[in-house]
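>>> Here you go, sequence then predicted model.
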Amino acid sequence: MKIETKIAHFSSPLYLESGRILEPYEIAYETYGEPNDDKSNVVLVCHALSGSHHVAGTYEGERKPGWWDGLIGDGKAIDTNKYFVVCTNVIGSCFGSTGPMSANYPSEESYRLKFPVVTIKDMVRAQMQLLSSLGIYHVRAIVGGSMGGMQALQFAVDYPNFADDIISLAATYATRPWTIAFNKVAIEAIRRDPRFKQGNYEKNAFQEEGLDGLAIGRIAGHISYLSPTSMDDKFGRNYVSNDGLFELFGRYEVERYMEYNTNNFSRIFDPLSYLYIVKAINTFNLSRGYDSLHDAISRIKANVHLISFSSDYLFFPSEMEHIEKMMQRNGQNHTYIEVESNYGHDAFLVELDKFEENIREVLK
């Protein structure tokens with residue numbers, strides 16, 4: 001599989017939903033496979049909150065593959081022998097695209113909290129600019145899970161003629177209070193951490209020790225991504241063998257897991273980027289800018305494929321069902337499946353075997 005990693009530079013302004021302008025800006029992106037002569041084999045993949053443009057394959061000298069490596073590659077469900085796969089890093093992120101720690105041109109100082117709030121609609125508009133610069137004006141399919149699934153649906157509404165198929169997994173039509181409340185834990189934990197310094201920390205300040213506030217907030221995130229059953233199966237009531245049961249800070253295995261994963265995450269993810277992307281998730285609403293959700297959904301011309309997961313407690317299956325029922329009433333082309341899973345929201349990243357054939361069938 002041919003992998004190329006690039007950064008595109010744009011000097012023309014990106015007009016944001018808030019009325020503000022981002023100029024200039026950069027988008028990091030990765031491509032897999034080769035485009036055919038008329039570029040009719042392009043599949044765009046959109047990432048979730050903590051993801052990046054590195055969706056598949058393994059970098060030289062590293063062992064960890066891209067976050068959807070099991071789904072994308074030669075002979076896989078999204079077959080890079082057939083399709084030219086593009087995945088971009090969203091604006092606001094910390095993995096190469098313009099975000100809050102980027103230089104605020106013409107100054108060399110970082111934007112920090114002067115960075116404009118970006119929305120899912122803005123992320124999609126930036127990707128359209130990138131694809132246009134690559135000579136791509138129509139794609140075979142757009143695929144994404146969680147925040148990536150939001151982007152896929154936003155593409156379908158805002159650019160009805162752009163894709164043949166939209167595949168949205170573990171997403172919603174609008175972020176609900178339950179999810180916003182989980183996100184609030186992370187927001188407040190970061191803001192109240194003294195080392196956050198109201199966003200005025202040094203670049204790479206947390207590479208060694210991480211930021212406690214982000215680690216704590218990420219624990220709340222992890223809880224929302226899993227399910228009670230998956231935690232029972234993975235950890236049970238097992239206690240860390242070298243911690244005393246009657247020591248105040250002795251830990252169950254689930255506690256040690258949360259500590260380890262969230263501390264590592266807080267070393268590699270910028271806290272300001274986390275705040276900005278969470279804001280984009282919280283403000284997601286497909287109906288914004290249209291008369292109603294029905295009006296927004298009615299604009300869709302692509303074949304839409306919705307996949308939810310039975311134990312997803314972040315974006316409940318009923319939220320995807322709401323879109324499905326609306327499309328059914330409108331007579332729009334769509335499919336919907338609810339995957340039986342005990343793994344929670346993260347099933348779209350982990351239990352690929354339960355839906356990869358569905359994606360393979362769509363792309364046929």
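Perfect, thanks for sending it.

>>> So, low pLDDT: which residues of the stretch 1-150 of the chain?
Within the stretch 1-150 of the chain, no range satisfies pLDDT under 70.

>>> Which of the three states applies to His305?
strand (DSSP: H, G, I helix; E, B strand; the rest coil).

>>> and what of Ile281?
When the structure is split into helix, strand and coil by three-state DSSP, Ile281 lands in helix.

>>> Give me the pLDDT for the closest residue to Met327 other than its chain neighbours.
Ranked by CB to CB, 6 or more residues apart in numbering and with sequence neighbours excluded, the top spatial neighbour of Met327 is His334, at 4.4 Å. No exception for glycine: its C-beta is placed from N, CA and C like everyone else's. Predicted confidence (pLDDT) at His334: the value is 98.

>>> who's His334 bridged to?
His334 has these beta-bridge partners by DSSP bridges: Val304.

>>> Which residues are in contact with Leu248?
Listed by CB atoms under 8 Å, 6 or more residues apart in numbering, Leu248 has no contact partners.

>>> and it, that's in a helix?
No. Under three-state DSSP, Leu248 sits outside any helix and is assigned coil.

>>> how near is it to Gly57?
In this view, Leu248 and Gly57 are 45 Å apart by CB to CB, to the nearest Å.

>>> before we move on, back to that, isn't the residue nearest to Met327 right up against Ala302?
No. With contacts counted by CB atoms under 8 Å, His334 stays clear of Ala302, the gap being 9.3 Å.

>>> and Asp353, which of the three is it?
Each residue gets one of three states, and Asp353 gets helix by three-state DSSP.

>>> And it, how close does it get to Val339?
Counting by CB to CB - Asp353 and Val339 are separated by 10 Å.

>>> what do you get for Glu321?
Distance, Glu321 to Val339, using CB to CB: 13 Å.

>>> how about the residue nearest to Met327, what does it touch?
His334 sits next to Asn303, Val304, His305, Leu306, Glu324, Met327, Gln328 when contact means CB under 8 Å, 6+ apart.

>>> From these, list just the buried residues.
For the contacts of His334, a burial check counting by 16 or more other CB atoms under 10 Å picks out Asn303, Val304, His305, Leu306, Glu324, Met327.

>>> which of those sit farthest apart?
Pairwise distances among the buried ones among the contacts of His334 were taken by CB to CB; the largest, 13.0 Å, belongs to Asn303 and Glu324.

>>> Endpoint to endpoint, stretch 292-312 covers what distance?
Counting by CA to CA, to the nearest Å, the length from the leading to the trailing residue of stretch 292-312 is 26 Å.

>>> no wait, stretch 66-86
Using CA to CA, the end-to-end distance of stretch 66-86 comes out at 13 Å.

>>> Now do the buried residues in that stretch.
By 16+ other CB under 10 Å, the buried positions in stretch 66-86 come out as 66-73, 76-80, 82-86.

>>> and what of stretch 187-205?
Residues of stretch 187-205 classed as buried by neighbour count (16+ other CB under 10 Å): Ile187, Ala189, Ile190, Asp193, Phe196, Gly199, Tyr201.

>>> Mutual contacts of Glu321 and Val339, please.
Looking at what touches both Glu321 and Val339 (by CB under 8 Å, 6+ apart), the common residues are Ser308.

>>> Of the two, which one has the most company?
Residue environment comparison for Glu321 versus Val339 gives the larger neighbour count to Val339, 20 against 15, counting by other CB atoms under 10 Å.

>>> Please tell me I have it right and the more buried one contacts Glu351.
Yes. Counting by CB under 8 Å, Val339 touches Glu351, with 7.3 Å between them.

>>> who touches both of those two?
Phe309.

>>> can you give me the strands in the protein?
Secondary structure of the chain by DSSP state E: the strands cover 3-10, 14-15, 21-22, 25-32, 42-46, 72-73, 78-79, 84-88, 139-145, 163-169, 303-309, 334-339.

>>> for these, which one sits closest to His345?
Evaluated over the strands of the chain, closeness to His345 peaks at strand 303-309, with 7.0 Å, by CB to CB.

>>> Name the residues that touch that closest one?
Contacts of strand 303-309 from elsewhere in the structure, counted by CB under 8 Å, 6+ apart, are 153, 156, 164-170, 315-317, 319-321, 323-324, 327, 332-339, 341, 343-345, 347-348, 351, 355, 358-359, 362.

>>> rerun at 6 Å
For strand 303-309, the external contacting residues (CB atoms under 6 Å, 6 or more residues apart in numbering) are 165-170, 317, 320, 324, 333-339, 341, 347, 355, 362.

>>> Same check on stretch 220-229?
Contacts to stretch 220-229, defined as CB under 6 Å, 6+ apart, come from residues Phe182, Val185, Ala186, Met258, Ser311, Leu314, Asn342, Gly344, His345, Asp346.

>>> from these, which single one is nearest Asp37?
Lowest distance from Asp37 to the contacts of stretch 220-229 (CB to CB) belongs to Asp346, with 38.8 Å.

>>> give me every residue that touches the most centrally placed residue in the chain.
The centre of the chain sits closest to Ala48, judged by CA atoms, centre = their mean, with a distance of 1.0 Å. Contact analysis of Ala48 by CB under 6 Å, 6+ apart lists Gly145, Ser146, Met147, Gly148.

>>> Narrow these to those in helices?
Cross-referencing the contacts of Ala48 with the helices (criterion: DSSP state H) gives Met147, Gly148 as the overlap.
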